[in-house]
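Student: Here's a sequence, model it:
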Amino acid sequence: SLLAPASGLSAQRQRLDAIASNIANAETTRTENGGPYRRQVVSTEPAALLPPGTPAIVAGRVPGSMVRAGELPPPAGDAAVGVRVAEVVEAAGEGPMIYDPGHPDADESGYVRMPNVRITDELVEMMEARRMYEANASVFEAMKGMLRRALEIRG
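Tutor: Down below sits the predicted model:
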């Protein structure tokens, strides 16, 4: 099923977007909500249902049929169902306090609450997301090639 790697590509792209936002706001001490920026975390979950009208070739079925509402993909293990982004949430925990009495967001003691973003953690997350994206892209391309060859054999 092409749905699994395509959903993985989409989920990893959203994860990379969140990581880019975290890195861009690693020094943002004041947001519209009033406090420092809070790290964004993307959580995924299995996507068990195919949307109604999904072409049969995507669902791994005989060409010409369509997926009906609420129907599961053919049994082929968890990889056949793909993933979806469950939610994007703010990470728990506070960022560090730094002493900077001249900063406009400093408290009466001269300390500023920084975002709970650590650049090194974000870079590790980015490398992992990139590798997962590349793996899904490789699977997608391999599956497309197999489908092309199957169509050539049939034709």
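Student: Run through the neighbouring helices and strands of the lengthiest helix in the chain.
Tutor: For the chain, the helix with the greatest residue count under DSSP state H is helix 119-154. On a contact count with 3 or more CB pairs under 8 Å, 6 or more residues apart in numbering; DSSP states H and E, helix 119-154 meets helix 3-24. For the C-beta atoms, the positions are set from N, CA and C on the backbone; glycine is no exception.
Student: Show the subsequent helix or strand relative to the helix it packs on.
Tutor: Next along the chain after helix 3-24, taking DSSP states H and E as the criterion, comes strand 40-46.
Student: What lies in contact with stretch 10-22?
Tutor: By CB atoms under 8 Å, 6 or more residues apart in numbering, the residues outside stretch 10-22 that reach it are 39-42, 44, 83-85, 88, 117, 122, 125-126, 129-130, 132-133, 136.
Student: what do you get if the cut-off is 10 Å, keeping everything else the same?
Tutor: Applying CB atoms under 10 Å, 6 or more residues apart in numbering, the contact partners of stretch 10-22 are 37-45, 47, 82-86, 88-89, 91, 115-119, 121-137.
Student: So among these, which ones count as buried?
Tutor: Neighbour-count burial (16 or more other CB atoms under 10 Å) applied to the contacts of stretch 10-22 gives 37-42, 44, 47, 82-85, 115-117, 122, 125-126, 129, 132-133, 136.
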